[in-house]
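In: For reference, the sequence and a predicted model appear below.
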Amino acid sequence: MIEEYLYEMITLVVILTSLLLYFLLITQFKQENKKVLETIHLSESYELSGEEEGSFDTTSPPFEKEGTTVHTSPRKKKIKKVKVPAHGKIHKENFKDFSGIKILVAEDNIINQEVIRGLLADSGIQITMADNGQVALDILEKNADFDIILMDVHMPIVDGFQATRRIRADSKYEHIIVVALSGDTAADDITKMKTSGMEEYLEKPLRMDAFYDILYAYTKEESQLSEFVEVIMTKELNGDQGLHVCGGDDEFYKDILHEFIQSYTNSPQKLSDLLDRNKTYLADSMLLDFIGITANIGALNISKIALELKKAIKDTEEKSYSIILEEYKLHLEILVRDIKEYIQ
C-alpha cells in the first residue's frame, strides 16, 4: 500500500515538473519572439519614414560589405547648383573668378597633381593634395573647411568610392561637393560614381571648360564672367590640347612634358616585364594612367594606341598584345624626341 502511494507521489511530481518546465519555455519563447518582432517593426519604420529633417535622402539599401569594411549607402545633401551662363573658351586666368574657395584633391598620380596645381596657380584657390583616399579622410578629420573635393576613383589603400561613402555618411561634411576624376566613361561607371555619393564627374584628361563650369555651378550666385583668351596651336604634338589643359601657360606645359619624359620613357620595358610576370592588373593600371596623361599633354595618337594595348593585354593566352606593344614603343620614341625638341 505504501509502495503504491510513493509511486503515485513520484509520478505526480514528475508530471508537475514537466508542466512547469513547459510553461517556462513557452514564456521565454514568447518574450524572444516579441523582441524580434519589435526589431523588425523598428527597421521597417525607419525604411518607410521617407526623409529625415533637413534635405538628405535617407533611402538606404541593405548593408554592403567590401572586404572587411561594412558600410551603408551614403546620405546625399541637396546642394544648390546654379545655371552656368554661356561663355567662350576658358583660360587659366579665368580661374581667378573662384579666388578664396578651398579644394581638396585626392589623386595618387604625381603628374596629374602637378597639372591641377599648375592650372590653379595664382588663381587664389587654396589647394590641398592627398595621395589617396585615406589621406583625404585624415585631412578632413582635422579640417573640414573645404568647398569641393576632386576625387580620383582609382587610388591605393582607400579608393575614391570608399572614401566618398565615408564622407557622405558623416553629416559634418554635408557642405562639401565631391567631384569624381576618372578616365572611365561607361554609363555603369558613372552610375557607380553617383551612387557612391559623388555629385559630379570630370573625365580625364581634365578639360578646363568642364572644370570651370562645375566650380561656377557650385560656388557662384551671380553671372559675372571675365574675358576669355584664345590658345595658340603648336606643332605635331597638338599643343592646342596640351596648352588648353595647362591654361595656356607655356612654361607650365613644358614642365609637365619634362616630367612625362622622366616618368614614361622606359614604360615599354616596364610594361613588358609586368606582362611577362603575369602582373596584368598592374600593367592595366599603368596604362590607365598613361592614357589620361598623354591625352592631357596632347599626345593623342599614342593615347589611342595605349587604349588598344590596354584592351589587348586581357588576352593572356594568345598574347596578341605583342604587336601593339611594339607599336606603342615606336610611337613613344617619336613622341619623346618631339617633346625634347619642343622644350629645349
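Out: Nice, I can see it.
In: Which residue, neighbours along the chain excluded, lies closest to Trp199?
Out: Let me fix one detail, which is that residue 199 is Glu and not Trp. Among residues not flanking Glu199 along the chain, Ile177 sits closest, at 5.2 Å (Cβ to Cβ, 6 or more residues apart in numbering). Quick note: C-beta positions are derived from backbone N, CA and C, even for glycine.
In: who touches that neighbour in this structure?
Out: Taking Cβ atoms under 8 Å, 6 or more residues apart in numbering as the criterion, Ile177 is in contact with 79, 147-149, 199-200, 218.
In: quick one: low-confidence ranges for this protein?
Out: Where the chain drops to pLDDT under 70, the residues are 1-79, 222-236, 239-240, 244, 247-248, 316-318.
In: How about the residue nearest in space to the middle of it: what's its closest non-neighbour residue?
Out: Nearest to the geometric centre of the chain sits Val153, at 2.5 Å (Cα atoms, centre = their mean). Among residues not flanking Val153 along the chain, Gly160 sits closest, at 3.8 Å (Cβ to Cβ, 6+ apart).
In: Please look at the one you found and His154 and confirm they touch.
Out: Yes: contact criterion Cβ atoms under 8 Å: Gly160 and His154 qualify, at 7.0 Å.
In: What distance do you get for the residue nearest to Glu199 to Asp170?
Out: Ile177 is 15 Å from Asp170, where distance means Cβ to Cβ, to the nearest Å.
In: and what of Glu308?
Out: Distance from Glu308 to Asp170, by Cβ to Cβ: 42 Å.
In: Would you quantify the distance from Glu259 to Val115?
Out: Distance of Glu259 to Val115, given as Cβ to Cβ: 10 Å.
In: repeat for Ser182
Out: Distance, Ser182 to Val115, by Cβ to Cβ: 15 Å.
In: Tell me which of these two has more neighbours.
Out: Each of Ser182 and Val115 has its neighbours counted (other Cβ atoms under 10 Å); Val115 has more, 27 against 21.
In: how about stretch 163-173: buried residues?
Out: Residues of stretch 163-173 classed as buried: 163-168, 173 (neighbour count, 16 or more other Cβ atoms under 10 Å).
In: Quick one: end-to-end distance for that stretch.
Out: With Cα to Cα, to the nearest Å applied, stretch 163-173 spans 12 Å between its terminal residues.
In: show me where this structure has helices.
Out: In the chain, the helices defined using DSSP state H lie at 2-47, 110-119, 133-142, 160-168, 187-196, 208-219, 239-245, 250-264, 267-276, 280-297, 300-312, 321-343.
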